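# have a look at this prediction, sequence included:
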Amino acid sequence: RLGTLLLDPKNITIANISVFDTSPILIGDDYDSASGSHFGAGGDAFLDNDDGLFGFSVSLITAADGTPRLAVGGPQVETTGDNSGAVFLYTFTDTSFGGAALASTMGKGYGSSPNVDVNDHTGWWLDDNDQFGVSVSLAKNPDGKMRLAVGARNADGVGNAKSKSGEVYLFTFSDGSFSGGDFAGTIGFNVGSLAGNNIDLGDGTNVSGTDGVDDEFVKLKTEDQFGDSVSLSIAEDGTTRLAVGAIGADGDDENTGSSGEVYLFTFNNDNHVDGEFSGGDLEAIIGKDYDDASVRDGKDIDMDLAANDYFGFGVSLYYDEAASAHRLAVAASSADGSGDPGGDPDNTGDVYLYTFTDSSFGGGLHVGSIGWGYTGSKDIDLQLDEDSGPVTDVALDGNYLAVGVGEGTGNGSLSESGEVYLFSY
């Protein structure tokens with residue numbers, strides 16, 4: 001049915017930061033944990049740089065025992081002399097975020113277990129400004145073990161052969177509390193030679209079983225920024241799926257600069273609980289001019305995108321157990337609304353909604369849009385102006401959708417104070 005924007009009396013007002021002095025927890029550099037209401041980020045030596053961007057990305061999930069688990073990305077955190085980025089993993093002992101503990105830190109040069117030194121595991125080096133942790137997504141497999149996908153949108157591929165082509169790193173854990181963290185694989189340019197269950201988007205040797213010369217071959221390009229967003233989904237039967245945004249990609253014909261693309265991946269974890277990211281495959285691509293039904297079993301979805309729409313700025317993948325199929329929400333941060341009308345909606349951003357008919361992204365359809373001037377049966381005409389946009393992120397859970405507008409002005413005149421819009425379907 002038509003989506004509904006939740007309005008008064010359901011609006012939520014977030015006041016001054018002083019309000020949070022009585023909240024369960026704040027996580028950050030130099031917060032005092034003595035009172036029990038604040039908690040330091042941990043590893044203070046690695047948080048000394050001013051522009052570490054700790055908290056740029058977050059992913060929250062409920063463990064099998066009902067307590068929260070949290071991943072926090074700091075894509076410019078300084079590690080061993082450069083700003084390659086890091087991810088911090090937290091556990092809690094109750095449902096109100098009590099007993100907070102930093103369980104593990106992941107990145108370049110982060111010692112032995114429980115931390116994970118990404119360079120020791122991958123056989124390749126994170127470099128300055130790779131922005132490891134720009135996106136994070138947690139999931140748990142049917143036996144409660146945590147799984148994690150991390151984006152590094154400015155990584156350059158093996159040999160630094162493709163500047164800012166981007167990469168995604170996949171990790172497993174031996175339990176629900178981030179013990180036994182281990183590198184499982186990499187998705188990126190020419191990663192086929194690295195250790196792990198990799199998906200190579202460079203030489204074609206591990207893309208849909210192709211040899212890199214046929215129409216199914218996909219090759220990341222300079223400044224595609226693959227990994228700008230990630231969303232990991234694991235169903236009750238162990239079915240593992242991943243959506244990845246590449247905001248700098250130019251469409252299948254490579255002539256619509258930074259229109260953006262979203263890549264959909266499957267793994268051979270169906271009907272078992274290993275969750276080791278084995279047998280990874282690029283199943284479908286959503287983007288400009290992806291209309292060739294003869295490739296990827298016709299699963300690609302062609303979108304009428306414009307240059308610099310940055311489609312894929314945010315992605316959220318949800319598995320509908322009843323339908324045994326996925327749903328997907330995608331943010332295009334600089335899209336201009338229906339038909340790129342110009343004027344007030346310029347670069348305010350859109351959200352696109354997709355359904356699929358099975359667990360492997362078959363039968364994909366673009367079923368609705370949220371943004372300026374959309375009037376379809378499942379569309380929502382959300383008239384953000386230039387001072388309110390752009391759309392920066394999405395979170396989909398069942399029939400509920402949250403849309404972040406990072407530079408929104410609120411109900412007053414505070415420039416770039418930010419807003420969140422809540423929708424039900």
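Happy to help now that I have it.

# what about stretch 351-370, distance to the chain center?
Stretch 351-370 sits 17 Å away from the centroid of its parent chain (Cα atoms, centre = their mean, to the nearest Å).

# if you count neighbours, what's buried in it?
351-356, 359-361, 364, 366, 368-370 (16 or more other Cβ atoms under 10 Å). Just so you know, the C-beta spots here come from the backbone N, C-alpha and C atoms, and that holds for glycine as well.

# with stretch 109-117 instead?
109-110, 114-117.

# neighbours of residue 65, how many?
As a burial measure, residue 65 scores 11 neighbours (other Cβ atoms under 10 Å).

# do you have the strands of the stretch 101-250 of the chain handy? List them.
Using DSSP state E, counting those that start in this stretch, the strands of the stretch 101-250 of the chain run over residues 101-107, 116-117, 132-140, 146-152, 167-172, 182-188, 199-200, 226-234, 240-246.

# can you report phi and psi for residue 176?
phi -90, psi 10 (degrees, to the nearest 10).

# residues contacting it?
63-65, 69, 140, 144-146 (Cβ atoms under 8 Å, 6 or more residues apart in numbering).

# take the residues you listed and keep only those in helices.
Members of the contacts of residue 176 lying in helices (criterion: DSSP state H): none.

# export those to CSV and tack on pLDDT and distance to residue 328?
As requested, these are arranged in CSV below (pLDDT from 0 to 100; distance: Cβ to Cβ, whole Å):
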residue, pLDDT, distance to residue 328
63, 96, 25
64, 94, 26
65, 95, 29
69, 97, 23
140, 93, 20
144, 93, 25
145, 93, 25
146, 95, 22
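
# please convert the buried members of those residues into PyMOL selection syntax.
Buried subset of those, written as a PyMOL selection, criterion 16+ other Cβ under 10 Å:
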select buried, resi 63+69+140+145+146
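
# quick one: neighbours of residue 92, just the number.
Residue 92: 21 surrounding residues under other Cβ under 10 Å.

# isn't it right next to residue 66, touching?
No. The pair residue 92 and residue 66 fails to qualify as a contact (Cβ atoms under 8 Å) at a distance of 10.3 Å.

# tell me the confidence at residue 123?
Per-residue confidence at residue 123 stands at 57 (pLDDT).

# swap in residue 186?
92.

# residues contacting it?
Here residue 186 is in contact with 122, 124, 167-170, 194, 196, 198-199 (Cβ under 8 Å, 6+ apart).

# what is the nearest of the residues you listed to residue 405?
residue 168 (25.7 Å; Cβ to Cβ).

# list the beta-bridge partners for the closest one.
In this entry, residue 168 is beta-bridged to residue 151, residue 187, by DSSP bridges.

# one step back: turn the contacts of residue 176 into a markdown table, including distance to residue 276.
Output for these, formatted as a markdown table (distance: Cβ to Cβ, whole Å):
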| residue | distance to residue 276 |
| --- | --- |
| 63 | 19 |
| 64 | 18 |
| 65 | 23 |
| 69 | 19 |
| 140 | 14 |
| 144 | 15 |
| 145 | 10 |
| 146 | 13 |
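
# quick one: which of the contacts of residue 176 is nearest residue 420?
residue 69 (22.2 Å).

# wait, the closest one sits on residue 93?
No. Taking contacts as Cβ under 8 Å, residue 69 lies outside contact range of residue 93: 11.5 Å.

# quick one: low-confidence ranges for this structure?
Within the chain, the ranges that satisfy pLDDT under 70 run 1-26, 29-50, 81, 120-124, 203-217, 269-275, 339-345, 385-389, 408-410, 412-417.
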